[in-house]
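> Predicted model and sequence below, questions to follow.
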Amino acid sequence: PGAGAVGYLQGMNPEQREAVETLDGPVLVLAGAGTGKTRVLTTRIAHILATRRAFPSQILAVTFTNKAAREMKERVGHLVGGVVEGMPWLGTFHSIGVRMLRKHAELVGLKSNFTILDTDDQIRLIKQLIQAEGIDEKRWPARQFASALDGWKNKGLRPADIPEGEARAYVNGRGRELYAAYQARLKVLNAVDFGDLLLEAVTLLRQNPDVLADYHKRFRFILVDEYQDTNVVQYLWLRLLAQGSHNICCVGDDDQSIYGWRGAEVDNILRYERDFPGAKVIRLERNYRSTAHILGAASHLIAHNEARLGKTLFTDLPQDDDEDKVFVASAWDSEEEARSIGDEIERFQRGGTPLNDIAILVRASFQMREFEDRFVTSGIPYRVIGGPRFYERAEIRDALAYFRLVMQPADDLAFERIVNTPRRGIGDTSVRTLHDYGRAETVPLTEATRQLVATEEFKGKTRTALRDFLDSVDRWRDLLPAMKHTELAELILDESGYTAMWQNDRSAEAPGRLENLKELIRSMDEFESMEGFLEHISLVMDRDSGEELDAVSIMTLHSAKGLEFDTVFLPGWEEGLFPHQRALDEGGRAGLEEERRLAYVGLTRAKKHCLIWFTSNRRIHGSWQSSIPSRFLDELPAAHVEIKETGSAYGGYGSSFGRQNPYGASRFDSVERFQSNYETPGWQRAQKAQKAAGGGRGGFSSPAQQSYGRTQPKLIEGE
Ligand code: ATP
Ligand code: MG
């Protein structure tokens, strides 16, 4: 066809166009952020449809999130000028895996109406199996095994494939047997777990050549976004399917590989040409998203990584002298950080930026709490993307249920939520009995329990468990008047076994949940009493959770992948938080590099404005600790960065936030502590050397140097 005349191709650069028009054979688009990879995929689908190379149902297109799938469908519709009916095979790996399995369930020993287990069910099942084996569940926690299972499944390993040594490391040396028993049990229950969705799909295709042949005929074209974050089993599945038409097009950016901790293998990109012979590799270098300053900062930062393929990026967006540099500011603590960012957002809003174009990207979900609290107070509409809002998270609701029940024994909802969380052997039947009794006698569940444990209604362990639970709640209530509310809260979570439940949890989310619980206690410290705190929570929770028309987006860096916003705030750039301590402890150099890629993802989400914050103090367990600015700040190029004179944290001059620092001189204590407690960072040594050489404060080359130059104004003036 006369492609030149086709509207959807207009405005694409030659490389993009090549990626769109090379329909036959494998293609890998390897390119940096904002170069139009996703747009290439969308346009490619439009091109396939417009040139009638395939029907919508013959295209397999994999996106990273369901939201991205919806958007892609919509955009293809725009491009081809109409609604695209039925692209049944456009979705996430999981959604497509489910679809495939339902179609052929009987071939892998399931019925097509199989259920997908959630984590709770999965844990319960594993626990039963461990107990049935007569193995001590305390020594070999079910959650730990669940996460091992997940890891194996992500790697495409079935029980027989697990290396001997590795299998021995689990459940008293019986890892492999238990894995097999677990799978057999799932079949009996007509169920799969999340990890099975693709593993079973791979098994299906491997064991049934006729089915595979059908899919080879069906899928004329395969397209994959965010290829750098595929794991082994996803890769195996793609490779099997692509053996048919060989028309597979993957787009990705090795610098944005941020799911290594979940088994993603960036190597999949590196070996693409070997696995898909004759692959055409196309590089896109022009960035259409961000200003030169943002791009310059991001490219410079990521250049500190050793493990990368290396790419150049440039922008043709007109370089405007007034264009904002990447902005770095500091705050005394996270509360001030949230307030300052809130103020900035209101400033942008007054300047005409819709809130929809503004995002706050955090490293850890606990950081959201401070922003949500602040925005509720000051009336800035916000939405949390990619997860529940802070106070709606499961672990927060559980913890709050404990506190509520202590405060208010008649709170039946709270009672029900936690009576068996963590598991105490109080089953649904027992709870139903309590309910029936409570309704008949019109007493709350707590009272029903009290009366029934005094009778013969419950036997043995259940009775003991109920009595213990009741006793604990009573005891905590008695402690209320005497104990500081935050300490009591911690004691409740500890004594109830709730904290331990997550400590023993080996799933990838568990550490984040523990952080959230700590943040909850911290936030409680801002209130006089448990009562005042719970009242505040009910106000925050009561807020209309419906989609705001115009609202700031709050999300983690991980869930921001692929998105873009006019204005992006990046708070919490402090050592230990970002890079995250856990990534450093567990991943070493590789962990650090993955954190740096996450920083790169964050910076490159911004189109026009990118504002980074760090705090000089974090409150940990009620006591202040001075924090060290993230090493990533040091790695930003001075030419593209502007350091904000922040008032309150660093001496109050030129304050744009107009608030007196209530902490007086103590801030200098913290700087001194910082200096004595930690190894002197490179820039400080440079600063000292410079001073020794008679240099002034000018001439620092890195932003963090500059910002820290400013952390000690009085010390310097006093010299
Ligand atoms: P990421 O790596 O962050 O996922 P990406 O490479 O997928 O980025 P896109 O999201 O496809 O990049 O494109 C970034 C922005 O640039 C989008 O707003 C897109 O519409 C725009 N864009 C891409 N190509 C062009 C083009 N040829 N002309 C104008 N705008 C373009
Ligand atoms: Mg993209």
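All right, it came through fine. Ligands and ions are numbered 1, 2, ... in the order given.

> What is the burial count for the closest residue to ligand 2 within the stretch 201-350 of the chain?
Nearest to ligand 2, among the residues of the stretch 201-350 of the chain, is Asp225, at 6.0 Å (Cβ to the ion). In this view, the C-beta of every residue, glycine as well, is placed from N, C-alpha and C. Neighbours of Asp225 under the rule other Cβ atoms under 10 Å: 25.

> Backbone dihedrals for it, both of them.
When read as degrees, to the nearest 10, the backbone of Asp225 gives phi -90, psi 160.

> Assess the claim that it and Val251 are in contact.
Yes. Using Cβ atoms under 8 Å, Asp225 makes contact with Val251 at a distance of 5.9 Å.

> which neighbours do the two share?
Among the neighbours of Asp225, those also in contact with Val251 (Cβ atoms under 8 Å, 6 or more residues apart in numbering) are Lys37, Thr38, Leu41.

> Checking the residue nearest to the first one when sequence neighbours are not counted next. Helix, strand or coil?
Spelled out, that is Lys37. Spatial nearest neighbour of Lys37, chain neighbours left out: Val251 (3.9 Å); criterion: Cβ to Cβ, 6 or more residues apart in numbering. State at Val251, reduced to three classes by DSSP: H, G, I helix; E, B strand; the rest coil: strand.

> swap in Val568?
Following three-state DSSP, Val568 is assigned to strand.

> in terms of contact, does it touch His609 like I think?
Yes. Counting by Cβ under 8 Å, His609 is a contact partner of Val568 at 7.1 Å.

> the more surrounded of these two?
Using other Cβ under 10 Å, the more surrounded residue of Val568 and His609 is Val568, with 28 against 23.

> For that one, which residues are in contact?
Val568 makes contact with Ile358, Ala359, Ile360, Leu361, Gly602, Leu603, Arg605, Ala606, His609, Cys610, Leu611, according to Cβ under 8 Å, 6+ apart.

> a markdown table please, covering the residues you listed and showing distance to Tyr235.
Shown next, in a markdown table, are the contacts of Val568 (distance: Cβ to Cβ, whole Å):
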| residue | distance to Tyr235 |
| --- | --- |
| Ile358 | 36 |
| Ala359 | 31 |
| Ile360 | 33 |
| Leu361 | 28 |
| Gly602 | 26 |
| Leu603 | 28 |
| Arg605 | 26 |
| Ala606 | 31 |
| His609 | 37 |
| Cys610 | 33 |
| Leu611 | 37 |
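
> Filter the residues you listed down to the ones in strands?
If you go by DSSP state E, the contacts of Val568 have Ile358, Ala359, Ile360, Leu361, Ala606, His609, Cys610, Leu611 in strands.

> Neighbours of the fourth one, how many?
Using other Cβ under 10 Å, the number of residues around Leu361 comes to 28.

> Can you name the residues bridging to it?
Beta-bridge pairing of Leu361 under DSSP bridges involves Met555.

> related to what we said a few turns ago, tell me the contacts of the residue of the stretch 201-350 of the chain closest to ligand 2?
For Asp225, the contact set (Cβ under 8 Å, 6+ apart) comprises Lys37, Thr38, Leu41, Ala61, Val62, Thr63, Phe64, Ala68, Met72, Val251, Gly252, Gly562.

> Identify the farthest-apart pair in the residues you listed.
Greatest spatial distance in those: Met72 and Gly252, 15.7 Å, computed using Cβ to Cβ.

> need the helices for the stretch 401-550 of the chain, in chain order.
Ranges of helices within the stretch 401-550 of the chain are 412-418, 428-441, 445-452, 460-479, 485-495, 498-503, 510-524, 530-542, based on DSSP state H, counting those that start in this stretch.
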